[in-house]
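> Okay, predicted coordinates and the sequence, questions at the end:
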Amino acid sequence: MKVGKIVEFDSAHWLPGHAQCGNLHGHRFRLEVEVEGPMEHGMVIDFPDLKKGIEFSTEGFDHGCLNDIVEFPTAENLILRVLWRISSYLEVSHPKIKVTRLKLWETPTNYALWEQENNGSKKEQ
């Protein structure tokens, strides 16, 4: 079974050397997290526990400068950082639960998507 949670945060960043995004600017990001695991006691994971994992994964993002956290903070690089951190969190706190999908909206029309392949391996998009 799969469950998910959506969070939003405001962050600033710039992309060094990029013509359009090379200056400091901000976005209202929307992060969608989907996890999968067996149901125990009627649920896959308690939503407050999933929220803790997301907060751990995005520490410093809200009202922060993403360049202080990720060297080149594109939506793609931010997703990979979230994937690494939330996977680490779940491995310790909920070892039977795995991340299956992350979608990070940088604007209402632009996003990066990561999904787990059907064979269980990870892929990047």
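Structure received.

> Show me what the longest helix along the chain is in contact with.
If you go by DSSP state H, the chain has its longest helix at helix 75-93. By CB atoms under 8 Å, 6 or more residues apart in numbering, the list of residues contacting helix 75-93 from outside reads 29, 31, 33, 35, 49, 52-54, 56-59, 61, 66, 69-71, 97-99, 102, 104, 106, 110-114, 122, 124. The C-beta positions use only the backbone N, C-alpha and C, and glycine is treated the same way.

> Against residue 72, how distant is the residue most central in space within the chain?
Geometric centre of the chain, nearest residue: residue 82, 4.0 Å, by CA atoms, centre = their mean. As judged by CB to CB, to the nearest Å, residue 82 and residue 72 stand 15 Å apart.

> all helices for the protein, in order.
So, for the chain - with DSSP H - the helices run 47-57, 75-93.

> if we can go back for a sec, what's the offset of the longest helix of the chain from the middle of its chain?
7 Å (CA atoms, centre = their mean, to the nearest Å).

> Check stretch 20-37 too.
The answer for stretch 20-37 is 8 Å, by CA atoms, centre = their mean.

> Mind listing what's buried along that stretch?
27, 29, 30, 31, 33, 34, 35, 36, 37 (16 or more other CB atoms under 10 Å).

> okay but the third one is in contact with residue 5, surely?
No - taking CB atoms under 8 Å as the contact criterion, residue 30 and residue 5 are not neighbours in contact, 11.5 Å apart.

> Okay, now the unreliable bits of this structure?
Along the chain, segments meeting pLDDT under 70 span 119-125.

> The chain: strands as residue ranges?
For the chain, the strands defined by DSSP state E occupy 2-13, 25-36, 64-65, 98-107, 110-115.

> Now render those strands as TSV, adding distance to residue 89.
TSV is the format used below for the strands of the chain (distance: least, CB to CB, whole Å):
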stretch	distance to residue 89
strand 2-13	13
strand 25-36	11
strand 64-65	19
strand 98-107	10
strand 110-115	16
